Structures are given as C-alpha cells and as structure tokens.
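A.B. asks: Prediction below, plus the sequence it came from.
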Amino acid sequence: MDVLFGRPLSSSEERGEKLAPLAGIPVFGLDALSSAAYGPEAALSLLIVLGTAGVAYIVPVTISIIILLIIVYFSYRQTIEAYPNGGGSYTVAGQNLGAFAGLLAAAALMIDYVLTAAVGISAGVGALVSAVPSLQPRTLSICLVILLIITLVNLRGVRETGALFMIPTYLFVGTLLITLGIGFIKTIASGGHPAPVIPPPALPMAAVGVSAWLLLKSFASGCTAMTGVEAVSNGVTAFREPVAKTAQRTLTAIISILIVLLAGIAVLCRAYQIGATIPGPGYQSVLSQLTAAVVGRHTFYFVTIGSILLVLSLSANTAFADFPRLCRLVAEDGYLPTPPAVRVRRLVYTVGIITLGILCAILLILFRGITDRLIPLYAVGAFLAFTLSQAGMVAHWKRKGGPGSRLGMYVNGLGAAATAGTVAIVTITKFTDGAWITAVLIPLIVMSMYAIQRHYDSVGQELNNPPPLALDHLDPPIVVVPMFTLNKVIRAGLQFALNISPDVNVVHVECAVNKEELLEQWNEVVAGPLRNAGLPVPQLIFLNSPYRFIIYPIVDYIVRLVEENPGREIAVIIPELVERRWYHNFLHNQRAVWLKAALVRKGTPRIAIINVPWYLST
C-alpha cells in the first residue's frame, strides 16, 4: 500500500505539502497551458471549409480569445485577493448571489472538470497517434491507461504530484517556445513567407464563403483554450504563505505563458499555411504539422511531440487538483454526500479523486477517446462558472465598499459581461453538436444537490434534540442467536448473550445438519454446563425451511418475536468468523453479512444487531 500510494501523512505534515509558484504551475496550470495544443486546433477545425482562406482568420480569432483571457485574468486576480481561503466560483457566487447561483456554478465546474480530464487525455493520445499512426486502433486503451496512472499519482498527494509533473511541464513550454522562436526568425527572414522543412498537408478547396456565424463558431471552439484559468483561484489554500500573493504570481505566470503560446501558434499557422486535419487515417495535429514545418522530423521534433503528449495527458491533473476541493466545499455545505469532504492517508480527498477518475473513464469510453467528439461539450460549464464568479465579485465589491471597490467592480463587471457573452455564443453555436448535453446536465445536477440537502435536513430534524433517557422500562432484552452449526464461533456468541440477558433464544434452520447429532452436541456444550451451574438454559428453536432458505426464516422469526412482545427490545447476536487475510473471506459463505443486511432492511427500531467476532489465530 505504501509503495503504491505513499506512506500516510499526519495532519502536522500539511505545511510541507504546500506549493510554491514553480510547483504550482504544473499542478494548477497544466490544463490552461496544454490547451494551447488543442484550442487553436479546435478553432482551425471549424475553418477547414474555407480552405486556404480559413487559415488567415485564425489570427483575429486568437486575438479575440487573448483579449477575453486578459479580462478574465485581471478578474481572477481580484478574486484571489478577496478570497484568500479559496475563491472558486462556488464560493464567490454562493456567498454573494445566493445558494442557487453557487450550486449552478458548482454543477458547471464539475462538468467542466470531468471534460477537462477527458479532453486533455484524449488530446494527448491524439498527439501520440499523429507521430505514430499505427497506434490509432489502440486510442481508447491508451487513454484509459493514462487516466489510471494520473489517478494513482494524485492519490499520493499534492506535493509529489507537483514534483512529478514539473519536468514534462517545463519541457513542453521550453520546446514549444524554441519552436515558435525559430519559426518567427524564419518568418521575419523570409519576409513573412517561410519555406517549411516538411510541408504540411495541402489545404482543401473552399467549400463555403466566410460568414459571421462561422467565425463565431470558430471563436467558441477556440475558447476551449481558456478552460483551467479558474484553477488557481479554486486552489488558493494549496499555496505557501503568503497564499494570495503566491497564487497571484502563479496565475500571472500561467496566463503570460499561455498568451505567448496562443499568439505564436496563430501567427505561424498563418505564415506556414497550416490548418486542421480531419480525424482518421492521415490525421496530424496542428502542433505536429507546425513543429515538422519549422524544424523537420528529427530528434527535436520527437522530443517536442513527446512533451506535448505528456503535458496534454497530464493536464487532467488540474481537474484532479480542483474537482476534489470543489466537492469538499459543496459536501461541507450539505449539498453532496459527506465522504468527499474527508481527507485520508495522503492528505488528499480520496473519494473526489476516485469519483473523477470513474466519471472520466465513462466519458472516454462513450466517446471512444476522440477529442473532436468531446470538444462540443466543452467550455459551456467553464464560462458559466466564470460569469457567476465575476458577477459574484461585483456584488462583493458593492457590499464591501471602501478604497479600490469601484475599480474592482469595473474590472469584475467587465469580466462578467465578457464571459456572459461568451457563454451565449458557445451555447448557441455548439448546441446541436453536443452542448445541449451540458445544458441539460447542469440543472439536473443542481436539482440532485437540492435533493441531497433536503434529505440531510430531514434527517437532522429527526435526529436532533433527543429527549431524556426513558428509565421506566429497563428490562433485559430478548436475545436471539442464529446458529448455523455449533462451533467455537457460535459458542462465543452464546457466551456474550448469557452476559446480557437470561432470556436467550437460539435459532437453527433445519437444512443439512443432522438434528440428533446437533442436539447431542447442544447438551454437551451448552445445556449440560448451564444445568449443572443452576442457570437457565437458552431455548433451542428449530425452524423448518423446505426450500433450503437460511436467512429469511430467521428474519421472519425475529419479526414475529417483535410483534408478540410489544414491550421488549430484541437483541440479535450474530457471531462472525474473522479471517486473518482478507482474501480468505471468499472461501466462506457470507451468511452473517446477508443476515445483517436483511435485518436492517426489514427490522424495526426495537431490533438491535450485535456483532460478536471470532478471530482466527492462523
């Protein structure tokens, strides 16, 4: 266990798990940085129908995305400063706009995180398939293996995750910046028309003319490059002191690098006439074409493609860093089950990590690990969360007042307006392509959260304010001991039963055991010693079971006993064998477990179930 997940960490070791900006970029910035590999491609894939003319439009589309990115960046700097304990959309919207807005943001983010993990992994495998086309039939299998590795790594803790992902992250940024730098030098030297080392696939003839609708769809797809921007704001508490300043520095570094990558890719795609290719035989990712065109297919090309594969695949880590934290916050407020709020051996929220892994695996299987099939579902949740967070910050500054509040309102108000417009564009342009799924899931998740809260409220109302103990009926209970066969396990249960009540009923279902032999053993082990000591002997009751059922005859007997004794408590003692090794349990029947489950389902408040374990010594 320690080899796989690492040694358990005590609560006092939490400080050592905090992140500096250098480690924070791989943990919280992988999603945003890696989106440079699929965001421009998503935009270009919509421009294929324009042929060679389509490539020219990638620059203005990218400039629009960068402007929006800068607006969101300044908005989230404000959010981090105002909420140093974690200012994700759920917290900001919930505290300033009400519970419904907070849950709407939480549902949007949950969907976005699952899609972030799935899209990142599928895009990474897409990069691998571009370099090694023979692996295309194994796309889904490779996706699932990478997902399993990322899940296991995150279960080991935040600090180890950051250290492990640091090398591929900076290798990705370094190789891509070198590629862009060489490409720019060649572009300037050639007067804007560089000769590619390896020419990209020829662009098709234009099928349609340019239209505002097509450019809006391209912009909406390119906006996938902005997902993950909120990650730092959600995970402020994971940073070292001073947490707000450290988080802001990390966010600044991430956004600066992303802007350089997006702008560089757009300009060079136009210069080298590189467009998107259709998934299938002959598919090449945009970055694969760009790197080959700038430096050729030599060692550096494969190092670059390898780093892209690693970072795209590991970009799912951003979702694994934030999804469990979001679930914790929602669970602490009573809108999700409580297990996601519990940290275990490595100071991580294990239930949230495992849940995300399962949901991501389901999504990858449903869409066969193909990025283009997942992209239409993407970005709606992210931009809805952006909008709610920024609107919440406007309300925050309005309520707080004081120096700087007016500027804060303008900055966050601009962010809210820009992202709200983007939500409308993304939803409308992608609706028929799959965005409708996200639009349906978000309200369903919100309704589920409200249902969970109502359940917890009703349970709390029933369990709180207990009355004083009732002391007028303190008779010992009627004890029932199921006996499948008389052995040391059952003897331990009988021994305990005699300690709590003189009224003991031992129940045996007549099935395969010889009745005469059992009675003889009963007299020797139980009845004889008790009579000799002058103590009452438990009743031995045989139940008939013509169809060889064991559990239900016992349950029916106990229920009848409750009905016949309205003033008495019934204590059911279930002796149970405990193996030294967990896998030995598969060698035994699980009647004790099934009996407890049946009694819980059909029982009443007057039936108490008591386990008496018998531990094997070998």
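C.D. replies: Structure received. Numbers count the residues shown, from 1 in each chain.

A.B. asks: how would you label Val210: helix, strand or coil?
C.D. replies: Assigned with DSSP: H, G, I helix; E, B strand; the rest coil, Val210 falls in the coil class.

A.B. asks: In which helix or strand does the residue nearest to Ala42 when sequence neighbours are not counted reside?
C.D. replies: Excluding the flanking residues, the one nearest Ala42 by Cβ to Cβ, 6 or more residues apart in numbering is Ser221, at 3.9 Å. To be clear about C-beta, it is placed using only N, CA and C from the backbone, and glycine gets the same treatment. Per DSSP states H and E: Ser221 is located in helix 212-222.

A.B. asks: can you count the residues close to the nearest residue to Trp594 once chain neighbours are set aside?
C.D. replies: Leaving aside its sequence neighbours, Trp594 sits nearest to Ile551 (Cβ to Cβ, 6+ apart; 5.3 Å). Per other Cβ atoms under 10 Å, the neighbour tally for Ile551 reads 17.

A.B. asks: measure the residue nearest to Ala42 to Leu50 for me?
C.D. replies: Separation of Ser221 from Leu50 (Cβ to Cβ, to the nearest Å): 14 Å.

A.B. asks: Of those two, give the one with the bigger neighbour count.
C.D. replies: Set Ser221 next to Leu50 and count neighbours by other Cβ under 10 Å: Ser221 wins out with 30 against 24.

A.B. asks: ok, the more buried one touching Leu47?
C.D. replies: No. Using Cβ atoms under 8 Å as the test, Ser221 is too far from Leu47 to be in contact (9.5 Å).

A.B. asks: which residues of the stretch 301-450 of the chain fall in helices?
C.D. replies: For the stretch 301-450 of the chain, the helices defined by DSSP state H, counting those that start in this stretch cover 316-332, 350-366, 371-374, 380-400, 405-430, 435-463.

A.B. asks: Take the ones you listed and write them to a markdown table, including mean neighbour count and mean pLDDT.
C.D. replies: A markdown table is the format used below for the helices of the stretch 301-450 of the chain (neighbours: other Cβ atoms under 10 Å; pLDDT from 0 to 100):
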| stretch | mean neighbour count | mean pLDDT |
| --- | --- | --- |
| helix 316-332 | 25 | 82 |
| helix 350-366 | 20 | 87 |
| helix 371-374 | 22 | 70 |
| helix 380-400 | 25 | 85 |
| helix 405-430 | 19 | 82 |
| helix 435-463 | 14 | 88 |
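
A.B. asks: Looking at those helices, which is nearest to Pro529?
C.D. replies: Evaluated over the helices of the stretch 301-450 of the chain, closeness to Pro529 peaks at helix 435-463, with 43.4 Å, by Cβ to Cβ.

A.B. asks: The closest one to helix 380-400, inter-axis angle?
C.D. replies: 60 degrees (axes from the mean of the first three to the mean of the last three Cα atoms, to 10 degrees).

A.B. asks: Contact partners for the residue nearest to Ala42?
C.D. replies: In this structure, Ser221 makes contact with Ala42, Ala43, Ser45, Leu46, Ile375, Lys430, judged by Cβ atoms under 8 Å, 6 or more residues apart in numbering.

A.B. asks: Can you tell me which one of those residues sits lowest on pLDDT?
C.D. replies: Lowest pLDDT among the contacts of Ser221: Ile375, with 66.

A.B. asks: about what we covered before: after the helix holding Ser221, next one along is what?
C.D. replies: Immediately after helix 212-222, counting by DSSP H and E, sits helix 231-234.

A.B. asks: and the helix or strand following that next one, what other elements does it pack with?
C.D. replies: Downstream of helix 231-234, the first helix or strand assigned by DSSP H and E is helix 243-272. Applying 3 or more Cβ pairs under 8 Å, 6 or more residues apart in numbering; DSSP states H and E, we find helix 243-272 packed against helix 21-46, helix 52-56, helix 58-82, helix 158-189, helix 231-234, helix 286-295.

A.B. asks: So which residue is dead centre in the protein?
C.D. replies: The centroid of the chain falls nearest to Leu356 when counting by Cα atoms, centre = their mean (2.3 Å).

A.B. asks: From Gly181, how far out is it?
C.D. replies: Using Cβ to Cβ, Leu356 is found at 36 Å from Gly181.

A.B. asks: related to what we said a few turns ago, filter the contacts of Ser221 to the buried ones?
C.D. replies: Ala42, Ala43, Ser45, Leu46, Ile375, Lys430 (16 or more other Cβ atoms under 10 Å).

A.B. asks: can I get those in a markdown table with distance to Gln461?
C.D. replies: Rendered in a markdown table, the data for the buried ones among the contacts of Ser221 read as follows (distance: Cβ to Cβ, whole Å):
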| residue | distance to Gln461 |
| --- | --- |
| Ala42 | 49 |
| Ala43 | 53 |
| Ser45 | 54 |
| Leu46 | 53 |
| Ile375 | 46 |
| Lys430 | 43 |
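
A.B. asks: The residue nearest to Ser313 when sequence neighbours are not counted: neighbour count?
C.D. replies: Using Cβ to Cβ, 6+ apart and skipping the chain neighbours, the partner closest in space to Ser313 is Gly124 (3.4 Å). Counted with other Cβ under 10 Å, the neighbours of Gly124 add up to 26.

A.B. asks: can I assume Gly124 sits in a strand?
C.D. replies: No. Under three-state DSSP, Gly124 falls outside any strand and is assigned helix.

A.B. asks: correct me, but it touches Gly306?
C.D. replies: No. Between Gly124 and Gly306 there is no contact under Cβ under 8 Å: 10.4 Å.
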